[in-house]
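A.B. asks: below: sequence and its predicted model.
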Amino acid sequence: MALVMLIVFSVLFALTHILMSHGGIRAGLVARLGDMPFRGLYSLVSLITLGGAIALFAGQKGAGQVLWNTPEWLHPVVWILVLFAFVLLVSSLATPSPTGMMPAKVEARGILRVTRHPMNMAFALWGLGHLIANGKLGDVFFFGSIFVVGFFGAYHQDRRKARERGEEFKEFQKKTSILPFAAVITGKTKLELSELSVPLPAIALAAFIIVLFLHNKLFGVTPW
């Protein structure tokens with residue numbers, strides 16, 4: 001029963017997060033409730049569904065049918081994905097994206113040259129890395145929901161911001177990308193190392209190493 005509830009809460013987290021931010025649904029709720037009450041409701045629903053999933057997952061790690069076994073050669077790939085997620089998350093705090101809920105300058109700079117959704121992509125990469133490493137049914141739904149919210153949530157935010165901010169945001173989109181480094185690779189922008197704060201990736205690396213070596217004590221799972 002607990003496994004079923006973990007799956008239900010994980011699916012509800014992803015569905016409510018995506019659907020409540022969908023254009024017509026979001027617009028209707030904002031019209032009825034007002035902007036700030038809607039944001040409060042949105043945050044509350046996310047807190048309940050994600051909080052429920054986390055609480056259930058704590059007692060259901062590795063539960064359910066084995067969908068795949070992760071080969072050892074993929075472990076370094078998982079570590080790289082999660083490390084990059086740490087870097088994006090920490091860097092997003094220093095350079096807020098105009099795609100977020102808080103006001104931010106619409107300019108391709110710093111980590112926004114890598115991705116205009118650094119926080120979303122941090123969650124997506126973290127979820128993807130753990131999804132690859134954990135092939136049990138309950139784990140797949142839990143980590144998969146976080147990947148879905150991070151990855152597809154970025155596209156929802158893009159469409160909403162383009163409607164709200166018009167040409168200014170569309171110009172920003174032309175110079176940046178959702179997928180990390182896609183805009184750099186395609187020549188839409190240049191990666192300016194001088195715009196990146198050196199201490200932040202160092203902090204992210206230190207945090208990643210600490211969590212990696214304390215992973216078994218903190219979460220009861222050895223990451224290798």
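C.D. replies: Noted; the coordinates are in hand.
A.B. asks: C-alpha from now on. contacts and neighbour counts both.
C.D. replies: Noted.
A.B. asks: so how far is stretch 36-54 from its chain's centroid?
C.D. replies: For stretch 36-54, the distance from its own C-alpha centre to the chain's C-alpha centre is 16 Å (CA atoms, centre = their mean, to the nearest Å).
A.B. asks: do stretch 12-24 as well
C.D. replies: Mean C-alpha position of stretch 12-24 versus that of the full chain (CA atoms, centre = their mean) differs by 15 Å.
A.B. asks: part of a strand, is residue 6?
C.D. replies: No. Assigned with DSSP: H, G, I helix; E, B strand; the rest coil, residue 6 falls outside any strand and is helix.
A.B. asks: so for this structure, the centremost residue is which one?
C.D. replies: residue 123 (2.2 Å; CA atoms, centre = their mean).
A.B. asks: where does this structure dip in pLDDT?
C.D. replies: 102-103 (pLDDT under 70).
A.B. asks: tell me which stretches of it form helices.
C.D. replies: Applying DSSP state H to the chain gives helices spanning 2-20, 23-33, 35-60, 75-94, 118-133, 137-165, 167-175, 182-185, 199-219.
A.B. asks: out of the ones you listed, flag the one nearest residue 69.
C.D. replies: In this view, these are compared for proximity to residue 69 by CA to CA, and helix 118-133 is the closest at 8.0 Å.
A.B. asks: then the closest one to CSV, C-alphas only?
C.D. replies: As requested, C-alpha coordinates have been extracted for helix 118-133 and formatted as CSV (Å, rounded to 0.1, in the frame of the first residue of the first chain):
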residue,chain,number,x,y,z
PRO,A,118,19.5,26.8,-14.4
MET,A,119,17.3,25.9,-11.4
ASN,A,120,14.9,23.8,-13.5
MET,A,121,17.8,22.1,-15.3
ALA,A,122,19.4,21.4,-11.9
PHE,A,123,16.4,19.5,-10.7
ALA,A,124,16.0,17.8,-14.1
LEU,A,125,19.7,16.6,-14.1
TRP,A,126,19.5,15.6,-10.4
GLY,A,127,16.4,13.6,-11.1
LEU,A,128,17.8,12.0,-14.3
GLY,A,129,21.0,11.0,-12.6
HIS,A,130,19.1,9.3,-9.8
LEU,A,131,16.7,7.8,-12.2
ILE,A,132,19.5,6.1,-14.1
ALA,A,133,21.0,4.8,-10.9
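A.B. asks: quick check: the residue of the chain positioned farthest from its centre vs residue 26, distance?
C.D. replies: Within the chain, residue 32 marks the point farthest from the mean C-alpha position, 28.6 Å out by CA atoms, centre = their mean. Plainly put, residue 32 is 10 Å away from residue 26 if you go by CA to CA, to the nearest Å.
A.B. asks: I figured residue 75 hits residue 133, correct?
C.D. replies: Yes. With the criterion set as CA atoms under 8 Å, residue 75 and residue 133 qualify as a contacting pair; they are 7.2 Å apart.
A.B. asks: neighbour count: the two, which is higher?
C.D. replies: Between residue 75 and residue 133, counted using other CA atoms under 10 Å, the more crowded position is residue 133 (24 against 16).
A.B. asks: contact partners for the nearest residue to that one once chain neighbours are set aside?
C.D. replies: With CA to CA, 6 or more residues apart in numbering as the criterion, residue 133 has its nearest non-adjacent residue at 5.7 Å, and that residue is residue 70. By CA atoms under 8 Å, 6 or more residues apart in numbering, the contact set of residue 70 is 132-135.
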